[in-house]
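Participant: I would like the atomic coordinates for the input below:
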Amino acid sequence: MTFKNSLVAWKYPSILLFGIGISNFGAWVYFIALNLIVLDMTDSALAVAGLYIVKPMAAIFTNVWAGSVIDRINKRNLMVALDLFRAVFIALLPLTSSIWVIYSLVFVINMAGAMFGTTSRSYITKLIPIEQRKRFNSLRSLMDSGAFLIGPAIAGLLFLIGTPVLAIYINAAALLLSGIITLFMPDLEKERSLEQSSHYLSWTIMKKDWGIVMDFSRKFSYIMLIYFLFSCMVVMETAMDSQEAVFAKAVLLLSDSDYGFLVSIAGAGIIAGAIVNAVFINKIPISYLIGLGSLFVSIGYVIYALSNSFSMAAIGFFIIAFSLAFANTGFQTFYQNNIPVEIMGRVGSIFGLLEALLIIMTTAIVGVSAHFISIRLVVISGTMIMFAVSILLSILSMKASKSRYYSIGNAGEKM
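Facilitator: This next block holds a predicted model:
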């Protein structure tokens, strides 16, 4: 491929990455600002914790039905509508003084966010050719890593020159800009309109769609097993992260500044991993990205859980952060290559529903156990479970007999 052809091939993927990047930067600003607004309003850590419960609850409520809509309507138009919808509702947040109204608005915003995530995954799969997906996903991982580091820094600067309210409006503007940028993306489903969605929310249709996903899962059990095991990794990571600050201060006896430095080390690991991933992505098989990436993420958590000093915890944090880019890039590429795009919305929504339920249950169990038993014991037990899952995931993903699932092609072609 010539340089000119390469530029043409990456024109729309680059625009899409730019839009995703703006949205991600804004999301970090919004996340930090909203926490501060709720804390200032209520002076309650419990009220802030409630914001973390709203997101998986919104995902559960949305994923029951969203896949039936996403797979049948124009995805580009839906992405634009969801960006604009979230921009409007985020802009309404500073106008209320009721914590319950804020929770309600955040619930609706997260519903739209859950739907946007599944929709964008389907659109990306349609837009990006198979041979470009691994590179695109590695660049997206780099973009996400940049947002993780730069987003909070931007939020801090905004707080210096203004207030958290200003940061909220900045995020609303970022989503508005993201929606406008998405309008410049190609319309891959011109025959489908956003207004058609009302025809796809009947109980009969949803029941039929669940049956289609179950049939696919039985027919391609290996694909869905990899999906489920990777989701279990995400669930355990979320549960362990919920105890991160408490573990650092109560068990490792770190000061606030030490803990802040530990988080900075994780940020450095994320950027380093994303850069290495982007540079060497074409030389690493998808199976190794998933298998070894997940394995080293869990190894990092085990080192952290067993640590008794700042330096050992820092090593664990860096390994976790460095490895995440590889694992996420591998999984996203595997998912795009093996789930037929025609049912991708339904598969993502239904298994996303399962993941959200597991996150709520596991996080609650970990939190209660840490309170009544021992934080150290609970964190060690959780990381050992994660380590066992990652070993199984590594063995299954790198089996020579399953190599066809990690080569060019997808399940739609194998059906």
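
Participant: all contacts plus neighbour counts: C-alpha atoms, from now on.
Facilitator: Will do.

Participant: what helix or strand is Met361 on?
Facilitator: Using DSSP states H and E, Met361 maps to helix 344-372.

Participant: correction: Met115
Facilitator: Going by DSSP H and E, Met115 is part of helix 99-127.

Participant: What are the buried residues along that helix?
Facilitator: 102-103, 105-116, 118-127 (16 or more other C-alpha atoms under 10 Å).

Participant: I'd like the average pLDDT over it.
Facilitator: Average pLDDT, helix 99-127: 91.

Participant: C-terminal to it, what's the next element?
Facilitator: helix 130-161.

Participant: what's the average pLDDT for that next one?
Facilitator: On average, helix 130-161 scores 77.

Participant: packing partners for that helix?
Facilitator: helix 11-42, helix 164-183, helix 256-280, helix 310-338 (3 or more C-alpha pairs under 8 Å, 6 or more residues apart in numbering; DSSP states H and E).

Participant: Read off the pLDDT value for the closest residue to Ser97 other than its chain neighbours.
Facilitator: Sequence neighbours aside, Met41 is the residue nearest to Ser97 in space, at 7.8 Å (criterion: C-alpha to C-alpha, 6 or more residues apart in numbering). Met41 is assigned a predicted lDDT (pLDDT) of 85.

Participant: now swap in the one 3 residues further on and tell me
Facilitator: The score at Ser44 is 74. That number is its pLDDT.

Participant: residue contacts, Gln332?
Facilitator: The contact partners of Gln332, by C-alpha atoms under 8 Å, 6 or more residues apart in numbering, come to Asn137.

Participant: hey, C-alpha coordinates of stretch 40-54 in CSV?
Facilitator: Written as CSV, here are the backbone C-alpha positions of stretch 40-54 (Å, rounded to 0.1, in the frame of the first residue of the first chain):
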residue,chain,number,x,y,z
ASP,A,40,-19.8,19.9,48.2
MET,A,41,-23.5,19.6,48.1
THR,A,42,-23.9,16.7,50.7
ASP,A,43,-20.6,16.6,52.5
SER,A,44,-21.1,12.8,52.4
ALA,A,45,-18.8,10.1,51.1
LEU,A,46,-21.8,7.8,50.9
ALA,A,47,-23.5,10.2,48.5
VAL,A,48,-20.4,10.1,46.2
ALA,A,49,-20.3,6.3,46.4
GLY,A,50,-23.8,6.3,45.1
LEU,A,51,-22.6,7.7,41.8
TYR,A,52,-20.6,4.5,41.4
ILE,A,53,-23.6,2.4,41.8
VAL,A,54,-25.7,4.3,39.3
